[in-house]
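# A predicted structure for the sequence below; I have some questions about it.
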Number of protein chains: 2
Amino acid sequence: MNTKILLVEDDASLGFVIKDNLEMKGYNVTLCNDGESGENTFHQDAFDLCILDVMMPRKDGFTVARNIRKKDQQVPILFVTAKSMLEDKVEGFSAGGDDYITKPFSVEELQMRIEVFLRRSNGKDSVDTVFKLGKFEFDSSNLTLKGASSVRTLTQKESDVLGLLCKNRERVLKREEILKAVWGDDDYFLGRSMDVFISKLRKYLKDDPTVQIVNYHGIGFRLEVK
Amino acid sequence: MNTKILLVEDDASLGFVIKDNLEMKGYNVTLCNDGESGENTFHQDAFDLCILDVMMPRKDGFTVARNIRKKDQQVPILFVTAKSMLEDKVEGFSAGGDDYITKPFSVEELQMRIEVFLRRSNGKDSVDTVFKLGKFEFDSSNLTLKGASSVRTLTQKESDVLGLLCKNRERVLKREEILKAVWGDDDYFLGRSMDVFISKLRKYLKDDPTVQIVNYHGIGFRLEVK
DNA sequence: AATCATGTTAACAGCTTGTTAAACACCGAT
DNA sequence: ATCGGTGTTTAACAAGCTGTTAACATGATT
């Protein structure tokens, strides 16, 4: 499988070196040189892993990570920090997490961390059932959709459809895929039924315009969070 | 089981780092960045543990804890304090079963405390069988439901069902889960039987309208205390 | 413009749940 | 064994909710 990595690093030469090395190891790396473009890029595509420099001029790595987490709670994030930066805030955590790597580091070291992450995210079938969707929080096992001020209870099917969209966020799901997964079959009437559900879900989500179920004509749907 | 943790921390970076690390360890963490939203969130969902920063601008952690305690006497609360904080202030609370941790701390340290809490509260389940339900007090081992003026003795099954609802308060229990747990099996007639029990329990609890067993159509039931 | 795909709403049929009462099963005492 | 009492299950009916379908509106593609 082609592993897609988002690398956000303001130091152009360091960024290039990391990208180049990782690409030689067979990863597909997208490099952004500031936090802003990093976020934008993340929103436009689906990545298996993010590597964020903590110290960057305009937007630091934590801020970028927070915004990424608003959209995707599951993607692993690896922070790159300088030793000097580890003050009382981060200090304790760097020791315990596989989530932090301190400069300077070797490519092998970095690759080891990456492999640990990917093994974990592949091997874990302990599926997280809570998704953040803009200002909403959707719990697919409790069938609840929490908004800013209200909590709505979804039906099982509504939850099935929304859950599937969440799991495949930023990816186009074919009509047939959704029908097979939720209804177990695919015919004209079930398709129309699905359209009704999409319509209902859009209504539920309309309070936050950054969350959208976008139709791809003749193909299917895609859940986008901007 | 998926352990739900409520984290109230006003420092956004620190909050994020803690949340992210705990989620990597497999916990389900909800982060609130002020006391007010922390309390609201607590009222909308069920948590197994609360982590509260003591020093927060508008509402400090102790105030939040007091308000949480008004509703739930059992949930463990872990306070995060700075070293400079007066120890005797904190000790008053730690005596009541809660604990505190001083900044800075490592993820391992935090996780250790969490595990201690959860082990204790799991072990406690077999000992502590008394639940407060609005103006009622339900003792699941003595099979008694004390109201304002009367004491009713429940049957074993009535008590089993109410006990299960209490243990999963503010959480949707699937019909199947209740049937498996109380009846050991799940079929149509047992389901109807359960409905009869729910009906009876509602009758017993009708003196206090803040206590409600709410049906989630096609899904199950949830005990709510407003 | 013509055609097909999708968006949206409302109504209906079928299934789920609430409730009451009767039937059944179990148990101890007579 | 019979009886009464207690607790649970089954039956029956009422009320409510959900998913599907139909019908019509809008949008995309050729």
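Ah, there it is.
# start to end distance for stretch A:168-184?
One end of stretch A:168-184 to the other measures 18 Å (Cα to Cα, to the nearest Å).
# Please enumerate residues in contact with that stretch?
For stretch A:168-184, the surrounding residues in contact (Cβ atoms under 8 Å, 6 or more residues apart in numbering or on different chains) are A:43-46, A:71-72, A:131, A:157, A:160-161, A:164-165, A:185-186, A:190-191, A:193-194, A:216, A:219-225. Every C-beta, even on glycine, is put in place using the N, C-alpha and C of the backbone.
# Pull out the buried residues from that stretch.
Neighbour counts over stretch A:168-184 (16 or more other Cβ atoms under 10 Å in any protein chain shown) mark A:168-170, A:173, A:175, A:178-179, A:182-183 as buried.
# what bits of chain A have low per-residue confidence?
Per-residue confidence for chain A (pLDDT under 70) gives these ranges: A:1, A:73-74, A:82-105, A:116-128.
# Flag every residue of it that's near DNA strand C.
Selection of chain A residues close to DNA strand C by Cβ under 7 Å from any atom of the strand yields A:175, A:191-192, A:195-196, A:198-200, A:202-203, A:215-220.
# rerun that using 10 Å as the cut-off
Counting by Cβ under 10 Å from any atom of the strand, the residues of chain A close to DNA strand C are A:156, A:174-175, A:188, A:191-203, A:206, A:213-221.
# For the spatially most central residue of chain A, give me its contacts.
Taking Cα atoms, centre = their mean, the centroid of chain A lies closest to residue A:72, which sits 3.2 Å from it. Listed by Cβ under 8 Å, 6+ apart, the contact set of residue A:72 reads A:42, A:169.
# Next, count neighbours for residue A:165.
By the measure other Cβ atoms under 10 Å in any protein chain shown, the count of residues near residue A:165 is 22.
# Output the contacting helices and strands for the helix or strand hosting it.
For residue A:165, the element it lies in under DSSP states H and E is helix A:156-167. Judged by 3 or more Cβ pairs under 8 Å, 6 or more residues apart in numbering or on different chains; DSSP states H and E, helix A:156-167 is in contact with strand A:130-133, strand A:136-139, helix A:188-204, strand A:220-225.
# what about dumping the CA coordinates of it to CSV?
Provided in CSV are the C-alpha atoms of helix A:156-167 (Å, rounded to 0.1, in the frame of the first residue of the first chain):
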residue,chain,number,x,y,z
GLN,A,156,-29.7,3.1,13.4
LYS,A,157,-29.7,3.6,9.7
GLU,A,158,-29.0,7.3,9.9
SER,A,159,-26.1,6.4,12.1
ASP,A,160,-24.9,3.6,9.8
VAL,A,161,-24.8,6.0,6.8
LEU,A,162,-23.1,8.8,8.7
GLY,A,163,-20.6,6.4,10.3
LEU,A,164,-19.6,5.1,6.9
LEU,A,165,-19.2,8.6,5.6
CYS,A,166,-17.0,9.5,8.6
LYS,A,167,-14.8,6.4,8.3
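# returning to what we had before: and residue B:8, which of the helices and strands packed on helix A:156-167 is closest to it?
Minimum separation from residue B:8 across the helices and strands packed on helix A:156-167 (Cβ to Cβ) falls at strand A:136-139, 16.1 Å.
# Thanks a lot, see you next time.
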